[in-house]
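K.L.:
Got a sequence here, can you model it:
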Amino acid sequence: MSQAEATSLESAGASEVPAARWTKPPLGPHTLLILFVLANLILCALPLVPQLFLHGKGKDYPLWYQVGHQVLTGGDLYPKTGQTFAFLYPPFAAVLLAPFSLFGRAFSIFCIDLVNVASWFAAAKLSDRLADGAGRKAWWVIALPSVISLPFIWDMYDLGQPNLMLLAMVLAGLTLLRDGREWSAGAMFALAAALKAFPIAIFPYLIWRRRWRAAIGMAVMTAVFLLLVPAPLRGFERNLAEVKTWAGGMIFSASEKGFGQRPEQNWGWKNNSVVAVVHRYVRPINAEAEKPEAKPLYVNVLDLTYNQANLVLAVVVGLVGLGFVASLPPQKRRTPGSDAAEYALLIALMTVASPLARAYYFVWLLFPFTLLVYRATADPDARMRRVLTWALAASIGLFTAGVAIASPHILPALGNMFWATAILIGALVWLMRHSMLPSSSARAMADQRP
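P.N.:
Now for the predicted structure:
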C-alpha cells in the first residue's frame, strides 16, 4: 500500500479500518468505567488507609500538608540561604496546596487522591482525542495504554507526586493548540510550568513552530502565576523574595556534586534523564552513592571531568534537538496523524530532558503509549502495525528488565528507562514521517489554492 493510500484511509476515519476488531467487553458496556473505578479505589486506599487506620502515610504527603499549613499560617516556605529546601516547588504550588490543609492530614490526602483520579481520567481522554481515536475500538485497546503505564500511575498515588496532573495540563494545552486556541493553550502550558519547572521545555517548540500567540501567552501567564497569584496570600514583596530563593536553589544551582536540592540523588541509578545518563557514561560516578552501605557501581566508559562531561552533554542534547527539528514535517505536509506523532514525540523528549527523571516521571509516556497502541492495532498498513508492535514490545521489555529491588542496579544505572524511551522516540519519528503528506500531494494541494 502506498503512503498516499494509507493517508487516505487514515483521513477516512478509524471506523473504516478493520485492524482492531471489536471484542465483547467482559463486564458489559461500562467495562472501562468499572475497571477505572476499581483501580482508583485500590490506588486511593494506598495513602488514605495508612493515614486513617495505621501510623500515618509517609512519602511526600506529610510535606504537602505541612506546606499548605505554612501558607495558611503565614510561615516561611524556604529556609535561609545555605540550608536545604524541604519543599522543591515554587510558591504558586504552595498556595494551591493551602485549601487541602484546612481540615487535617487525612483530608489533605483525600484531596490529592481526587486530583490524581481527575488527572488520570483527563490524561486518558485527552490522549485518546490527540491520538485521533475516532471510531470503534476494542475495550482492551483503550485500556492497554493505562495498563502499560500502571506502574508509573501507581507511583502518583503512592508518592503523592503531581506529574500525572502536569501531563493532563500539557495535553489540554496541546489539544487547544491543535484546535487553534493559542492563547488558552499558552495559559495551560504556563500553569504546568509554574507548578513544576520542567514543562517550560515546551516553550522553544512553540517558537520553532511559530505559534507566537501561544508562546506569548505562556510567557505572560507564567509570570502571572509565579509573581501575582500568590501575592494576595503571601504579599507581593514576600512572594517575589521567595520566588528568587526558589529559583536560586533549584534552577540556578548546579555543580559537580549535583543540582537542585538533592545532590546525592542527581547522578544515581534512579535518575534516567539524559543529563544523568550521559554523566554516568563519561564520568566515574558511583551510581549507588545514595546508599553508602551499597557496593559502589560504575558504568562509565570514559574518565572525563565534570566540565568535559557537560561539553559531551551539550553535543548530545544539540544533536537530539537538531534531529527533532529536522524530522518535523513542513507546514504544508502536516496531517492529523503526523501532528499526533509530533506531539507524542515532544512529550517523550520532554520526559527525558528534565534534569531529574525518576521512575514516576515516565507517567508522561501515557500519551505516546496511547498513540502507538492505537496505530499498532488499527493502522491500515500491515508493515506499520508490525513495526510499532515490535517497538512497543521492546520498550516495555526494557522498562520491565530494569526492575530491581536489591543492589546492584546495573540496568537502571545504564539507563534502561532512558533507552526504553529512546525506542519509543524512534518509533514516533518513523510514524510521524510516514503519516505526513507526500511531497507530490503537498505540491498539488498548494497548486489548487487560490
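K.L.:
if I pick the closest residue to residue 199 other than its chain neighbours, what's in contact with it?
P.N.:
Sequence neighbours aside, residue 192 is the residue nearest to residue 199 in space, at 4.1 Å (criterion: Cβ to Cβ, 6 or more residues apart in numbering). The C-beta positions use only the backbone N, C-alpha and C, and glycine is treated the same way. Taking Cβ atoms under 8 Å, 6 or more residues apart in numbering, we find residue 192 in contact with 166, 169, 170, 173, 199.
K.L.:
switch to 7 Å and redo it
P.N.:
Shown in contact with residue 192 (Cβ atoms under 7 Å, 6 or more residues apart in numbering): 166, 169, 170, 199.
K.L.:
Hmm, residue 309 is touching residue 283, no?
P.N.:
Yes - counting by Cβ atoms under 7 Å, residue 309 does reach residue 283; the two are 4.9 Å apart.
K.L.:
Can you tell me which residue is spatially central in the chain?
P.N.:
Centroid-nearest residue in the chain, with Cα atoms, centre = their mean: residue 364, separated by 2.9 Å.
K.L.:
Pretty sure it sits in a helix.
P.N.:
Yes - assessed by DSSP: H, G, I helix; E, B strand; the rest coil, residue 364 belongs to a helix.
K.L.:
For residue 49, pull up the helix or strand it's in.
P.N.:
helix 31-53 (DSSP states H and E).
K.L.:
List the buried residues for that helix?
P.N.:
Residues 31-32, 35-36, 39-40, 43-44, 46-48, 50-51 are the ones in helix 31-53 that count as buried (16 or more other Cβ atoms under 10 Å).
K.L.:
Including pLDDT and distance to residue 234, could those residues go into CSV?
P.N.:
Shown next, in CSV, are the buried residues of helix 31-53 (pLDDT from 0 to 100; distance: Cβ to Cβ, whole Å):
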residue, pLDDT, distance to residue 234
31, 92, 47
32, 93, 42
35, 95, 42
36, 96, 37
39, 96, 37
40, 96, 34
43, 96, 33
44, 95, 31
46, 90, 32
47, 92, 28
48, 92, 30
50, 90, 32
51, 90, 28
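K.L.:
From those residues, pick the one nearest residue 298.
P.N.:
Closest approach to residue 298 among those (Cβ to Cβ): residue 46, at 35.2 Å.
K.L.:
Can you verify my assumption that that closest one contacts residue 155?
P.N.:
No - here residue 46 lies out of contact with residue 155, judged by Cβ under 7 Å, at a distance of 10.1 Å.
K.L.:
Report the set of residues contacting both of those two.
P.N.:
Common neighbours of residue 46 and residue 155 (Cβ under 7 Å, 6+ apart) do not exist.
K.L.:
And the contacts of stretch 354-370?
P.N.:
123, 127-128, 130-131, 145-146, 148-149, 152-153, 155-156, 159, 161, 163-164, 167, 171, 198, 259-260, 266, 270-273, 275, 344, 347-348, 351, 417, 421, 424, 428.
K.L.:
for that stretch, the distance to its chain's centre please.
P.N.:
Distance of stretch 354-370 from the chain centroid (Cα atoms, centre = their mean, to the nearest Å) equals 4 Å.
K.L.:
Check stretch 348-355 too.
P.N.:
For stretch 348-355, the separation from the chain centroid amounts to 8 Å (computed by Cα atoms, centre = their mean).
K.L.:
For it, give the mean pLDDT please.
P.N.:
The pLDDT scores in stretch 348-355 average 94.
K.L.:
ditto for stretch 411-429
P.N.:
For stretch 411-429, mean pLDDT is 95.
K.L.:
same question, stretch 129-142
P.N.:
For stretch 129-142, the per-residue pLDDT averages 83.
K.L.:
and it, which residues are buried?
P.N.:
129, 130, 131, 132, 133, 137, 138, 139, 140, 141, 142.
K.L.:
correct me, but the third one touches residue 376?
P.N.:
No - using Cβ under 7 Å, residue 131 makes no contact with residue 376, being 11.5 Å away.
K.L.:
quick one on the thing from earlier: would you mind measuring from the residue nearest to the centre of the chain to residue 386?
P.N.:
Per Cβ to Cβ, to the nearest Å, residue 364 is found 26 Å from residue 386.
K.L.:
What of residue 205?
P.N.:
Distance, residue 205 to residue 386, by Cβ to Cβ: 30 Å.
K.L.:
again, but for residue 297
P.N.:
Distance, residue 297 to residue 386, by Cβ to Cβ: 37 Å.
K.L.:
which of the buried residues of helix 31-53 lies closest to residue 95?
P.N.:
Once Cβ to Cβ is applied, the member of those that ends up nearest residue 95 is residue 47, at 22.1 Å.
K.L.:
ok so residue 200 is a helix residue?
P.N.:
Yes - when three-state DSSP is applied, residue 200 is found to be in a helix.
K.L.:
hang on, the earlier thing: who's more crowded, residue 205 and residue 386?
P.N.:
Comparing residue 205 with residue 386 by other Cβ atoms under 10 Å, the one with more neighbours is residue 205, at 21 against 12.
K.L.:
That one: what secondary structure?
P.N.:
Secondary structure of residue 205, per three-state DSSP, is helix.
K.L.:
unless I'm mixing things up, it is touching residue 346, no?
P.N.:
Yes - counting by Cβ under 7 Å, residue 205 touches residue 346, with 5.8 Å between them.
K.L.:
Next up, phi/psi of the residue nearest to residue 199, please.
P.N.:
Residue 192 has phi and psi values of phi -70, psi -40 when expressed as degrees, to the nearest 10.
K.L.:
I'd like to know how far it sits from residue 23.
P.N.:
Taken as Cβ to Cβ, the span from residue 192 to residue 23 is 36 Å.
K.L.:
go on, residue 232?
P.N.:
The gap separating residue 232 from residue 23 is 54 Å, by Cβ to Cβ.
K.L.:
And for residue 199?
P.N.:
On the measure of Cβ to Cβ, residue 199 and residue 23 end up 37 Å apart.
K.L.:
Give the residue from these two that has the larger number of neighbours.
P.N.:
More neighbours surround residue 199 than the other of residue 199 and residue 23, with 26 against 10 (other Cβ under 10 Å).
K.L.:
any idea how far residue 424 is from that one?
P.N.:
In this view, residue 199 and residue 424 are 19 Å apart by Cβ to Cβ.
K.L.:
show me where pLDDT drops low in the stretch 51-200 of the chain?
P.N.:
Applying pLDDT under 70 to the stretch 51-200 of the chain picks out residues 81-82, 133-135.
K.L.:
let's see 90
P.N.:
52-60, 74-89, 104, 132-138, 197-198 (pLDDT under 90).
K.L.:
Do a quick rundown of the strands in the stretch 201-350 of the chain.
P.N.:
254-255, 258-259 (DSSP state E, counting those that start in this stretch).
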